[in-house]
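Colleague: Structure, please.
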Amino acid sequence: MKNNRGQIFALYLFLLTIAMCTLVLSLYLVQQKNARNSLVSPLEVLKLRNDLAIFELLEEEAVEDSIGEVFQSNGLPKTDSNREEFILAFRSSFLQKIKSEPKMMNFLSENLVVNGEKVNLKLFNIDKFIENGIYKKSENTIEGNKILIKRGKVIKTMPLEAEEVFGAKISFPVEFSFEFEKSYEKEISGGI
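Modeller: Numbers count the residues shown, from 1 in each chain. Here you go, the predicted structure:
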């Protein structure tokens, strides 16, 4: 046995490799257990999208009901003055339906941002904002037998945070901003 250093060095490398693999695996498992602390949950975003879909269904129903009501009482507008009267009657009916629906009002007022500032609902007149900001009179037009209704841009913002896991909360909150607007083009003739 002249030189056994090569055999000892090979054994040393083998044990070092096993130790490093064990260290990497144990660090990976510890990090996976705590990874949930630092991840932001998309649950609030999904809830907001769901609430938006419900809001838009109710909004479209209010548009169609208002057109039907005004058409039955006023008929099809033929002159400019009749169009203006039709739009005013439509807006009155439509805005009344929106303001009387709690789901729609809650959706519009929650986490609302106006001019880059989060709205304090105690100091803010949401009714005037709906009439003059979201559903502007100038955005409603009649062309032929179709009426165009446009909802202005609405901005919502909220912080997204990670859930608390095992009593420890390590979080990197993300400020989430959501903008939405929509327009409807509906036929006036025939009502609903």
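
Colleague: Going by C-alpha atoms from here, please, whenever you check contacts or count neighbours.
Modeller: Fine.

Colleague: Neighbours of residue 70, how many?
Modeller: Residue 70 has 22 neighbours, counted by other CA atoms under 10 Å.

Colleague: How about the one 5 residues further on?
Modeller: For residue 75, the neighbour count with other CA under 10 Å is 16.

Colleague: likewise residue 114?
Modeller: Neighbour tally, residue 114, other CA under 10 Å: 12.

Colleague: do you know how far it is from residue 146?
Modeller: 31 Å (CA to CA, to the nearest Å).

Colleague: for this structure, which residue is closest to the average position?
Modeller: For the chain, the residue sitting closest to the mean C-alpha position, by CA atoms, centre = their mean, is residue 48 at 4.2 Å.

Colleague: List the buried residues of whatever helix or strand that residue lives in.
Modeller: Using DSSP states H and E, the element containing residue 48 is helix 43-74. Buried residues in helix 43-74, counted by 16 or more other CA atoms under 10 Å: 51-52, 55, 58-59, 62-71.

Colleague: and what of stretch 136-145?
Modeller: So, applying 16+ other CA under 10 Å, buried residues of stretch 136-145: 136, 140-142.

Colleague: if I pick residue 137, what's in contact with it?
Modeller: By CA atoms under 8 Å, 6 or more residues apart in numbering, residue 137 lies in contact with 91, 131.

Colleague: Retrieve the pLDDT associated with it.
Modeller: On pLDDT, residue 137 comes in at 84.

Colleague: all helices of this protein, in order?
Modeller: With DSSP state H as the criterion, the chain has helices at 5-38, 43-74, 80-100, 102-109, 126-129.

Colleague: so which of those helices gets nearest residue 160?
Modeller: Shortest distance between residue 160 and the helices of the chain, using CA to CA, is found for helix 43-74: 7.3 Å.

Colleague: what's the angle from the closest one to helix 80-100?
Modeller: Here helix 43-74 runs at an angle of 140 degrees relative to helix 80-100 (axes from the mean of the first three to the mean of the last three CA atoms, to 10 degrees).

Colleague: Please compute how far helix 43-74 lies from its chain's middle.
Modeller: With CA atoms, centre = their mean, to the nearest Å as the basis, helix 43-74 stands 15 Å off its chain's centre.

Colleague: Quick one: work out the angle between that helix and helix 102-109.
Modeller: 120 degrees.

Colleague: Against which helices or strands is helix 43-74 packed?
Modeller: With contacts taken as 3 or more CA pairs under 8 Å, 6 or more residues apart in numbering; DSSP states H and E, helix 43-74 sits against helix 80-100, helix 102-109.
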